[in-house]
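Participant: Sequence and computational prediction follow.
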Amino acid sequence: MILSHKVNPFFVPVVDHVKATFNNVICSGASSLIIHKDSIVLEQYMGEQSGEEEARTVQADTQFHVASVRKSYIGFAVSYAIFYGYINNIDDLVVSYLPELDKNSWKDTTIRHLLTHTHGLKQEGNKVIREFSPGSNWSYKQIGIEALTQIIKRTTEKSVAEIIHESVFTPLGFNESNWYSNKHNKLVDVMLRYEGDEDWKTSESTEGDKMNMYVSTRELAYWGYLHLRKGMINGRQIVPREIIDLATSLQSPSTLHKDLPQNGFLWFVKELPSKKTEIGHQVPKGSYQILGFTNVTLLVIPEEDIVAVRMFNSFGSPEGYDYLSDVRSFGDTVMKCVKNESKVSL
């Protein structure tokens, strides 16, 4: 995929915002990229790929660890499985696809609950603990993601990675997005909050089911652009529009309190008013966003024809850093730039 470059000075404040975050978190490198009306209007790289001396500088082919941004690819794979009839309905019970699970613990839990973080389960050692009844609250727990990847593999007989490569990466010629079992010189080092941070985990699996995905800034923006264009790239329908629509529309159960975060297929979506949304207040309805614990953010704003990406190699939030406020203000900064541009063009 190749898009034209039309540098737009109205988006410089986004660079300033990324630089400010860069200075407030523990990282060595960062980047930002914005696609607006089919052109790359901002592309900025800063710092190095690690904290070591003579480290490689961050550049266009640098691949950042995207952490939970990988879940947008898992969401796509679930939507793929539904579109092609491998999964009947997201309101099907999880145990109907994974009958080996403890039926008491997983009672009344559906695929919809997994996709929207409303399943209410958590893993403690070898035990599955229920924190709240399905659909009654919201909690970001890994156990739901693991169940989804198992359902995908069992129903389609393909891994998440296989589905994504066949449907997207290969047709679009992506070669800077993948799940890696071994490091190479274009992959960033993740900067931990402290030595031996036990929250940091990676894997040797390359099936797309674990937290070892690295993506370049440009290809993450292109991934967002594929969604913005509903699967249509250069006049060719790369993936069925229905797959994109299903993944990025509101899917949270109606029983969920309106102030809690809202999700599509793992994407955060801006649909109903919500006090706990992770999307900026100035960002319009119909937008959707995916976030990573490395402070990576991919924001799609269909109403303004924009995809905005920011990348960092910082793991987690240092003391005193308000992640939620910062990521909201990133989206709001993008919107201010658009509005300022619109005022001048009138």
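Facilitator: Right, received. Where do you want to start?
Participant: Stretch 84-100: end-to-end distance?
Facilitator: For stretch 84-100, the first-to-last residue distance is 25 Å (CA to CA, to the nearest Å).
Participant: got a list of contacts for that stretch?
Facilitator: Residues from elsewhere that reach stretch 84-100, judged by CB atoms under 8 Å, 6 or more residues apart in numbering: 78, 81-82, 101, 103, 106, 108-115, 119, 147, 150-151, 154-156, 251. Placement of C-beta: from N, CA and C, glycine included.
Participant: Can you select the buried ones from those residues in PyMOL?
Facilitator: Of the contacts of stretch 84-100, the buried ones go into a single PyMOL selection, burial set by 16 or more other CB atoms under 10 Å:
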select buried, resi 78+81+82+101+106+109+110+111+112+113+114+115+119+147+150+151+155+156+251
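Participant: among the contacts of stretch 84-100, which are in helices?
Facilitator: 78, 81-82, 111-115, 147, 150-151, 154-156 (DSSP state H).
Participant: Which two of the residues you listed have the greatest separation?
Facilitator: In terms of CB to CB, the ones in helices among the contacts of stretch 84-100 reach their longest pairwise distance at 113 and 156, which sit 20.4 Å apart.
Participant: For burial, what's the neighbour tally of residue 298?
Facilitator: Neighbour count of residue 298, defined by other CB atoms under 10 Å: 25.
Participant: Let me know the secondary structure of it.
Facilitator: Classification of residue 298 using DSSP: H, G, I helix; E, B strand; the rest coil returns strand.
Participant: Surely it is in contact with residue 70?
Facilitator: No: between residue 298 and residue 70 there is no contact under CB atoms under 8 Å: 11.0 Å.
Participant: what residue ranges in this structure score low on pLDDT?
Facilitator: For the chain, the stretches flagged by pLDDT under 70 are 194, 196-201, 345-346.
Participant: what do you get if the cut-off is 90, keeping everything else the same?
Facilitator: Counting by pLDDT under 90, the chain has low-confidence residues at 1-7, 53, 125-126, 181-183, 191-206, 208-211, 257-258, 271-277, 315-320, 341-346.
Participant: what's the nearest residue to the one residue sitting closest to the centre of it if we skip its chain neighbours?
Facilitator: When CA atoms, centre = their mean is applied to the chain, the residue found nearest the centroid is residue 69 (2.7 Å). Among residues not flanking residue 69 along the chain, residue 292 sits closest, at 4.2 Å (CB to CB, 6 or more residues apart in numbering).
Participant: how about the strands in the stretch 51-200 of the chain?
Facilitator: 63-65, 121-124, 127-130, 177-179 (DSSP state E, counting those that start in this stretch).
Participant: what packs against the last one?
Facilitator: Counting contacts by 3 or more CB pairs under 8 Å, 6 or more residues apart in numbering; DSSP states H and E, the secondary-structure elements packed against strand 177-179 are strand 213-216, helix 217-228.
Participant: Kindly report the same for the third one.
Facilitator: Applying 3+ CB pairs under 8 Å, 6+ apart, one finds that strand 127-130 contacts strand 121-124.
Participant: roughly how far out does the strand it packs on sit from the chain middle?
Facilitator: Computed by CA atoms, centre = their mean, to the nearest Å, the chain-centroid distance of strand 121-124 equals 22 Å.
Participant: re earlier: most tightly surrounded among the strands of the stretch 51-200 of the chain?
Facilitator: strand 63-65 (a mean of 26; mean count of other CB atoms under 10 Å).
Participant: From the chain's centre, how far out is that one? Work that out for me.
Facilitator: 13 Å.
Participant: Kindly report the same for stretch 34-47.
Facilitator: Worked out by CA atoms, centre = their mean, stretch 34-47 lies 18 Å from the chain centre.
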